[in-house]
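Undergrad: What follows is a protein structure lacking sequence information:
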């Protein structure tokens, strides 16, 4: 019998890796962990909308192999770190080597950057950025360090020692440049110098401690789960996921600063790439159906599918139940719903709909959908 872990205790050394980078569309670790409690050791877990890798980390805690796919490069970079097992000293040493050996090129200019980071801190950030975007193949230490930097790239200013590299900012998403400039100037906030190496050393000791969970097999892919052609080594037996809610289409734009660190533009890019279309409910449902159909091709007969889903009151005329039912029916590949349960109203910041608190009125009840593949 598996020994249970309190996944709500973020201070538990075994699950600190899951906190490596805040990501505002994450769902709680307790959800996939609870669902996977009944899994067999031979089960292969899959999340076609893996986000920051919460399902994959839950699988790892339980000793299960898993795969994840996401079209967002930030999500991909963070989720990859959830499958790594590294020594905290190696993280710090690698960072020291990069700072000593790499130049800071393409240092962005302008009011935002002058107010967002102290010049010396920005130089260190750009040295790391240069290294990551120019190295052809990242090893496990690189992947872990990159995710750690994404997690400390921006956040609130602390009264004691700094926990983030930036001037005052949210930690879960990147405020847009014009708003940030106005806020900093209005509140007379100037960036203070933060020693990146010191912060990396402290953060790596906290996250990559001696109590890390044993590494398992698996992979995180950057791609479009509607049309993914990659074949996995083993057939999927359990699918656990939480698709974007209808109307939530600015994942990359709301993470634009982290996207810049990964090699993106130093301005907000509003083009949408390989993500679900949100032009209308019918278009959205059609795209979801493509994901369910593509997923079914990678599954064993009798594979289990669990979906957490909700809606934004101002966006959707249909209920989450209606949208999910329509998408599974349209997929026409054998997914049969066995149970739909209420997940209640979003209560914490790790629910998707919580990001719209105060702007969309009352929450719509979230649901957990359970289905089986009958082929």
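TA: Arrived safely. As the structure is a computational prediction, the values presented were derived from the model and not from experiment.
Undergrad: Tell me the buried residues in stretch 232-250?
TA: For stretch 232-250, a neighbour-count test (16 or more other CB atoms under 10 Å) marks 236-249 as buried. Every C-beta, even on glycine, is put in place using the N, C-alpha and C of the backbone.
Undergrad: Those: which two are farthest apart?
TA: Spatial extent of the buried residues of stretch 232-250 (CB to CB) is set by the pair 237 and 247 at 32.0 Å.
Undergrad: follow-up on the earlier one: from the buried residues of stretch 232-250, which ones fall inside strands?
TA: Counting by DSSP state E, these place 236, 237, 238, 239, 240, 241 in strands.
Undergrad: Helix, strand or coil: sort out residue 371 for me.
TA: strand (DSSP: H, G, I helix; E, B strand; the rest coil).
Undergrad: Any idea what it is bridged to?
TA: Beta bridges link residue 371 to residue 305, residue 337, judged by DSSP bridges.
Undergrad: what about it, how many residues close to it?
TA: By the criterion of other CB atoms under 10 Å, residue 371 has 21 neighbours.
Undergrad: quick one, what contacts it?
TA: By CB atoms under 8 Å, 6 or more residues apart in numbering, residue 371 lies in contact with 304, 305, 306, 307, 328, 335, 336, 337, 338.
Undergrad: again, only this time at 6 Å
TA: Applying CB atoms under 6 Å, 6 or more residues apart in numbering, one finds that residue 371 lies in contact with 305, 335, 336, 337.
Undergrad: Please check these and keep the buried ones.
TA: 305, 335, 337.
Undergrad: coming back round to it: closest to residue 110 among the ones in strands among the buried residues of stretch 232-250?
TA: residue 241 (38.6 Å).
Undergrad: Tell me where this protein has helices.
TA: For the chain, applying DSSP state H gives helices covering 30-35, 54-61, 73-81, 88-101, 111-116, 119-134, 140-152, 177-186, 196-207, 256-261, 281-296, 320-331.
Undergrad: Any idea which of the ones you listed gets closest to residue 216?
TA: Among these, the nearest to residue 216 by CB to CB is helix 54-61 (5.0 Å).
Undergrad: Okay, now the unreliable bits of the stretch 251-375 of the chain?
TA: Flagging of the stretch 251-375 of the chain using pLDDT under 70 yields the residue ranges 272-275, 278, 313-316, 345-363.
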